[in-house]
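> I'd like to go over a predicted model; first the sequence, then the structure.
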Amino acid sequence: HGYPPAEQTPSLYHAVGPFDPRVGVEPKPADPPAEPADFDDCFAGALLALAEQDPRVCAVTAAMQDGTGLACFAERFPDRFFDVGIAEAHAVSFAAGLARNGCLPVFAVYSTFLQRGYDQLIHDLALNRLHAIVGVDRAGVVGADGETHQGVFDPAFLQNIPGLTVYSPANYAQLRYALSAAVLADGP
């Protein structure tokens, strides 16, 4: 409160690094770079390409459009972008509803917050065999976000969900492949 740049664009000030207070935080470009700088950029580019090919593809976030790389999707496809606010369990249920009605939702979420939607992954997506994709960001061991954002529990809590296919890409090529394969697959 009291810093106009943060009040005007609060999402840019969620977990920021050092910046010049006279200038403020610079927003990311609207399109992901041709050569991704990180997995978020790669995910964003791959998802945009899939959405251009398939009008059923839509994106869901729980108040993390910048952190998960969905800001460019929101700008390019505003009618297919849904931000449900800080409500991860609802985001999974919402994605299930979209899938039930013929959409192909991609819910991008930090691993640590996906834990809040565990029941919905089982009951709303998996048991109904609905085709929705959960893009888990910050999966595995991640340094910059600290101990509360580690995704070390992903394999343990996801592999036991019936019918859920889990991809674990280790590089950009595998991420692009996994996202494309998930779009073509059946079920969650």
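Perfect, thanks for sending it. Just so it is clear, the structure is predicted and the values come from calculations on it, not from any experiment.
> Quick check: which helices or strands does the longest strand along the chain pack against?
What stands out as the longest strand in the chain, according to DSSP state E, is strand 104-110. Contacts defined by 3 or more Cβ pairs under 8 Å, 6 or more residues apart in numbering; DSSP states H and E place strand 104-110 against strand 57-61, helix 88-100, strand 133-137. Every C-beta, even on glycine, is put in place using the N, C-alpha and C of the backbone.
> buried stuff in the lengthiest helix in the chain?
For the chain, the helix with the greatest residue count under DSSP state H is helix 39-53. If you call a residue buried by 16 or more other Cβ atoms under 10 Å, then helix 39-53 has these buried ones: 39-48, 50-51.
> can you check stretch 177-184 too?
178-179, 182-183.
> How about stretch 50-65?
50-51, 57-65.
> low-scoring stretches of the chain, by residue?
Low-confidence segments of the chain, defined by pLDDT under 70: 15, 28-33.
> measure the most centrally placed residue in it to Val57 for me?
Among the residues of the chain, the one closest to the centroid is Ala108, at 1.4 Å (Cα atoms, centre = their mean). Using Cβ to Cβ, to the nearest Å, one gets 12 Å for the distance from Ala108 to Val57.
> Gly151 too?
24 Å.
> same thing with Pro36?
The value you get for Pro36 to Val57, if Cβ to Cβ is used, is 19 Å.
> And for Arg22?
Taking Cβ to Cβ, one finds Arg22 at 40 Å from Val57.
> ok, now Phe77?
For Phe77, the distance to Val57 - Cβ to Cβ - is 8 Å.
> Could you pull out the residues contacting both of those two?
Residues touching both Phe77 and Val57 (Cβ atoms under 8 Å, 6 or more residues apart in numbering): Ala51.
> sorry, back to before: elements contacting the longest helix of the chain?
strand 57-61, helix 71-76, strand 133-137, helix 172-184.
> in the helix or strand just after the second one, what counts as buried?
Beyond helix 71-76 in the direction of the C-terminus, DSSP states H and E gives the next helix or strand as strand 81-83. When neighbours are counted by 16+ other Cβ under 10 Å, the buried residues of strand 81-83 are found to be 81-83.
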